[in-house]
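Enquirer: predicted model, plus sequence, below.
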Amino acid sequence: MTHRGHRKLKTWTILCGLAAATGCGGSGPQVGDAVVVPDPTTKLTSVAPGAPSGTPAPAAGTAAAAPKASATPAPAAAVKGDGGWGTLKGKVVFGGTPGEVKILVEQGKAAKDTTFCAKDAPIKSERLVVDAASKGVKNVIVYLPKPTAVNEEAKSSALQKPVEFDQKGCTFTPHVICVMLGAKINLKNSDPVGHNIDSKLKNNALNSQLAPGGVMPFATAGAERTPGVVVCDIHNWMTSYWMVLDNPYFAVTNDKGEFEIKNVPSGTQKVVVWQEATGFVTASSGQDVAIKSNEVTSTDFTLDPGKVRPE
């Protein structure tokens with residue numbers, strides 16, 4: 001090789017080495033290729049494998065950031081009962097400021113039986129009754145749809161105690177009832193005017209007239225999946241809700257939103273909360289509550305104002 005040829009080869013080798021980062025590789029320059037010589041003042045940065053173009057690799061000795069863990073906690077494991085019984089009590093509260101109570105019938109303006117219905121006072125809606133001091137919600141049904149066991153004492157008590165369902169002041173009293181399948185409901189009319197009881201429940205349908213002062217027993221015929229409405233077809237503002245269960249674990253909240261259910265099987269139980277204006281406060285299948293033997297388990301529930309349906 002001549003001295004001139006040796007100098008050309010040396011020059012090409014130096015340029016290729018400087019341009020290695022641009023893909024020169026081990027091949028010599030091709031016809032039409034431009035050889036780019038990087039600026040010696042520019043700091044070259046490597047790219048992390050699999051990262052988008054332009055993403056620097058971690059500095060030497062620095063571990064790559066680990067992927068973030070999911071923020072969703074794992075569901076709590078069910079607690080197995082020990083064969084004992086406990087008490088479930090608590091309160092259902094309204095999570096906001098309730099609106100004005102709706103007047104169903106203004107005083108002296110009843111469409112039927114004006115000489116008695118709403119004669120001395122207006123008839124107010126009982127669809128959403130909230131205690132001003134405690135925010136407790138009245139007439140909420142709290143129940144266990146599928147308890148893991150049934151206490152015989154609780155069952156016997158629920159069946160032996162009849163529930164009275166009255167028509168008084170042209171309203172149903174109580175506004176909400178819950179009973180165990182097989183229990184008796186004593187239907188009563190304390191008013192001097194006639195009423196009828198029209199139950200829309202799937203398994204406990206009924207449509208019967210009740211004369212003034214009348215009493216009529218009603219035997220429940222089947223358990224219900226959800227509470228159902230009962231109306232008076234003579235006085236269309238009169239409504240009530242019934243729930244029939246195949247177990248004794250239920251309660252209806254009092255004026256302060258309080259409830260208590262005794263002799264509940266220990267372990268994790270599904271608890272359902274239902275209210276007329278919102279429907280299910282919990283999931284329709286229930287919320288897990290761990291019951292401890294010979295103890296009182298306190299659990300409160302909050303009714304979301306955003307779920308209140310227009311009346």
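Expert: Yep, it's here. This structure is a prediction, so every number in the text was calculated from the model and none was measured.

Enquirer: secondary structure element for residue 221?
Expert: Assignment of secondary structure by DSSP states H and E places residue 221 within no helix or strand.

Enquirer: was I right to think it contacts residue 202?
Expert: No - counting by CB atoms under 8 Å, residue 221 stays clear of residue 202, with 10.2 Å between them. (Glycine included, C-beta is placed from N, CA and C.)

Enquirer: for residue 223, give me its contacts.
Expert: With contacts taken as CB atoms under 8 Å, 6 or more residues apart in numbering, residue 223 has the following neighbours: 181, 203, 244, 245, 246.

Enquirer: and it, how far from residue 215?
Expert: 25 Å (CB to CB, to the nearest Å).

Enquirer: again with residue 228
Expert: For residue 228 relative to residue 215 (CB to CB), the value is 23 Å.

Enquirer: of these two, which one has the most company?
Expert: residue 228 (18 against 13; other CB atoms under 10 Å).

Enquirer: which residues does that one form beta bridges with?
Expert: Beta-bridge partners for residue 228, by DSSP bridges, are residue 242.

Enquirer: what segments of the protein are helices?
Expert: For the chain, the helices identified by DSSP state H occupy 3-18, 152-160, in order along the chain.

Enquirer: mind exporting the shortest one as CSV, just the C-alpha atoms?
Expert: By that I understand helix 152-160. What follows is the C-alpha trace of helix 152-160 in CSV, where atoms were taken according to Å, rounded to 0.1, in the frame of the first residue of the first chain:
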residue,chain,number,x,y,z
GLU,A,152,-84.0,-20.8,68.0
GLU,A,153,-84.9,-18.4,70.7
ALA,A,154,-84.8,-15.5,68.3
LYS,A,155,-86.9,-17.4,65.8
SER,A,156,-89.5,-18.3,68.4
SER,A,157,-89.8,-14.7,69.6
ALA,A,158,-90.2,-13.4,66.1
LEU,A,159,-93.0,-15.8,65.3
GLN,A,160,-95.0,-15.4,68.6
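
Enquirer: surely residue 146 is in contact with residue 272?
Expert: No - Residue 146 lies out of contact with residue 272 (CB under 8 Å); the separation is 9.7 Å.

Enquirer: who has more neighbours, the two?
Expert: Neighbours were tallied for residue 146 and for residue 272 using other CB under 10 Å; the higher tally belongs to residue 272 (22 against 12).

Enquirer: list the contacts for residue 197?
Expert: Counting by CB under 8 Å, 6+ apart, residue 197 makes contact with 165, 167, 187, 206, 207, 208, 210, 230, 232.

Enquirer: okay, now the third one: neighbour count?
Expert: Other residues near residue 187 number 21, with proximity taken as other CB under 10 Å.

Enquirer: residue contacts, residue 266?
Expert: Residue 266 is in contact with 81, 82, 83, 84, 85, 86, 291, 292, 293, counting by CB under 8 Å, 6+ apart.

Enquirer: so of those, which ones are in strands?
Expert: In strands, judged by DSSP state E, the following of the contacts of residue 266 are found: 85, 86, 291.

Enquirer: now do the last one, the pLDDT please.
Expert: At residue 291 the predicted local confidence, pLDDT, stands at 98.

Enquirer: where does the chain dip in pLDDT?
Expert: Scanning the chain for pLDDT under 70 picks out the ranges 1-76.

Enquirer: repeat that for 90
Expert: Along the chain, the model assigns pLDDT under 90 to residues 1-82, 99, 161-162, 310-311.

Enquirer: how much space separates the nearest residue to residue 104 once chain neighbours are set aside from residue 109?
Expert: Counting by CB to CB, 6 or more residues apart in numbering, the nearest residue to residue 104 once its immediate chain neighbours are dropped is residue 237, at 4.2 Å. The spacing between residue 237 and residue 109, counted by CB to CB, is 11 Å.

Enquirer: what does residue 291 give?
Expert: According to CB to CB, residue 291 and residue 109 sit 50 Å apart.

Enquirer: ditto for residue 179
Expert: Taking CB to CB as the measure, residue 179 falls 35 Å from residue 109.

Enquirer: comparing the two, which shows the higher neighbour count?
Expert: For residue 179 versus residue 109, the count of surrounding residues by other CB under 10 Å is larger for residue 179: 23 against 12.

Enquirer: that one pairs with what?
Expert: Bridge pairing for residue 179 (DSSP bridges) gives the partners residue 244.
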